[in-house]
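Visitor: Model the following, please.
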Amino acid sequence: MKKLIILIGSLGLIFTAWAQHGTDGTGDCSCPTCLEQQASGKKYTLPGLAGLEQEVAHDEHADHDHTGHDHAAHAGSDDHAEHDEHAGHDHAAHEGHDDHDDHAGHDHGDEAGGAIYLSPEIIQKVGLKLDTARAGSISTSVIFPAEIRLNRDRTAAISPRYSSVVREVFVEIGDEVKKGDLLASLENRATLAVYSVTAPLDGIIVTRFVSEGEAAGEDKVLFEIADLSTVWADISIFPRFLHSIRKGMPVDFIAHDGHTASGTIKFLSPLVSEETRTFTARCILTGADEDFSPGTFVRARITTGSASVRVRVERNAVQQVDGEWLMFVPSETGFESREVQVGIGESHFIEIVQGLEPGEEYVAQGSFSLKAEMITSGMDPHAGHGH
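Guide: Residues are numbered from 1 along each chain as shown. A predicted model of the protein is given here:
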């Protein structure tokens, strides 16, 4: 402590001398400090004052015994790096020093800027769940065009029994009828006897080709009734896949709005269509909604094989942002986005070619909520630690 007081006093005298005699440190001052400076040939100019403490301290301790010495003045000196054994060293004078950016109290806000924090309540509300990336198999599939048609096995065309005149019509297109319901009243042109035509099955009136007072021969179709609880899905199979498609294979159908239905191949035509140059594979869909009404075009996904991959994750875990595929992984500060490269996929799983390693945890459910939070908060998708 005594040496420290002497050192501070010396600094004050030096600074006073410099202020009185100019910035070059020269002058005629006869104080002990200036005389010592002149004898040593040292010059303390304004830019050099910043390192004056280290220089003086170094000169004073060239062969000094350090027992019990306070090293507060030497924390920034490279020449005293060997004095790490002084556990009681006071570093207070060096707060903010560039060499001490790893202090325990350092603000890590910049590093945490790429993470999304969700409270436990929100995590539970959005149903966020984690899973571990691992190897596995992924089914390989091919998408084919398909058209929904009436199930002709459950469709009936109603015609007159005799050459007749239509007396009265009781139904319109779209009406739902039951087997035995009255459809129209007709008059036999030969006998003038009046008789009725009824529905031969439960279904919906899909066509009507008759009006009251109209003459109708025996070959004229008056109505067409279809049971729409089942429909045909005719799939156009490209010739090169013919040997990969078999009866009994499951098929997933995707409507234009993303709704799906499932069926099984019941029929495989041996003939190539002259118009489309494709084969026809037919499925029977039962209970499909209005997205699969007759006349609509849909996509048919048929699984043709399987492949083993190094990293397989749930399909819903991967999100697309600005044309890039992202996943979310847990971190110490929340959840970080991770850019990934995807490979083959199926309805439930997808391959990760790059960006995620086996054994790493990832957000398997709830990634869409994290994506929405990232977009609404204006966060850079690349702020996370992409690998």
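Visitor: how's the protein carved up into domains?
Guide: 2-100, 112-149+228-387, 152-226 (automatic domain parsing).
Visitor: Could you find the closest non-adjacent residue to T198?
Guide: Distances taken as C-beta to C-beta, 6 or more residues apart in numbering put G180 closest to T198, at 5.3 Å, once the chain neighbours are dropped. All C-beta atoms are positioned from the backbone trio N, CA, C, and that covers glycine.
Visitor: mean pLDDT lowest for which of the domains of the chain?
Guide: Looking at these, the lowest mean pLDDT belongs to domain 2-100 (a mean of 43).
Visitor: ok so, going back, look up how far D202 lies from the residue nearest to T198.
Guide: 10 Å (C-beta to C-beta, to the nearest Å).
Visitor: Between these two, point out the one with more neighbours.
Guide: With neighbours defined as other C-beta atoms under 10 Å, G180 and D202 compare such that D202 has more, 15 against 10.
Visitor: tell me the SS of L186?
Guide: Under the three-state scheme (DSSP: H, G, I helix; E, B strand; the rest coil), L186 adopts strand.
Visitor: Which residue ranges of this protein form helices?
Guide: Secondary structure of the chain (DSSP state H): helices located at 2-21, 32-40, 52-60, 120-126, 367-376.
Visitor: re earlier: the residue nearest to T198 contacts L201, doesn't it?
Guide: No - using C-beta atoms under 8 Å as the test, G180 is too far from L201 to be in contact (9.6 Å).
Visitor: what sits against T198?
Guide: Each residue near T198 by C-beta atoms under 8 Å, 6 or more residues apart in numbering is listed here: 179-183.
Visitor: in the sheet, who's paired with it?
Guide: Listed beta-bridge partners, T198: L182 (assigned using DSSP bridges).
Visitor: How about A156?
Guide: The partner list for A156 in beta bridges (DSSP bridges) reads I225.
Visitor: Number of residues surrounding the closest residue to I350 other than its chain neighbours?
Guide: Nearest residue to I350, sequence neighbours excluded (C-beta to C-beta, 6+ apart): R315, at 4.8 Å. By the criterion of other C-beta under 10 Å, R315 has 15 neighbours.
Visitor: Correct me if wrong: R315 contacts H348.
Guide: Yes - between R315 and H348 there is a contact under C-beta under 8 Å: 6.0 Å.
Visitor: For stretch 185-203, list the C-alpha coordinates in CSV.
Guide: Taking Å, rounded to 0.1, in the frame of the first residue of the first chain, the C-alpha atoms of stretch 185-203 are listed here in CSV:
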residue,chain,number,x,y,z
SER,A,185,-96.5,-40.9,-63.6
LEU,A,186,-96.7,-42.0,-67.2
GLU,A,187,-99.5,-43.0,-69.6
ASN,A,188,-99.2,-46.0,-71.9
ARG,A,189,-99.8,-44.7,-75.4
ALA,A,190,-101.2,-48.0,-76.7
THR,A,191,-103.7,-48.7,-73.8
LEU,A,192,-103.9,-45.2,-72.2
ALA,A,193,-103.3,-46.9,-68.9
VAL,A,194,-101.5,-44.8,-66.3
TYR,A,195,-98.6,-46.3,-64.4
SER,A,196,-95.7,-45.1,-62.2
VAL,A,197,-91.9,-45.5,-62.2
THR,A,198,-90.2,-45.8,-58.8
ALA,A,199,-86.6,-45.7,-57.5
PRO,A,200,-84.8,-49.1,-57.7
LEU,A,201,-82.3,-48.2,-55.0
ASP,A,202,-81.4,-45.6,-52.4
GLY,A,203,-79.5,-42.6,-53.9
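Visitor: residues of that stretch that come out buried?
Guide: For stretch 185-203, the neighbour count (16 or more other C-beta atoms under 10 Å) marks 185-187, 197, 199, 203 as buried.
Visitor: can you tell me which two in those are farthest apart?
Guide: Checked with C-beta to C-beta, the buried residues of stretch 185-203 reach their widest spread between E187 and G203, with 26.2 Å between them.
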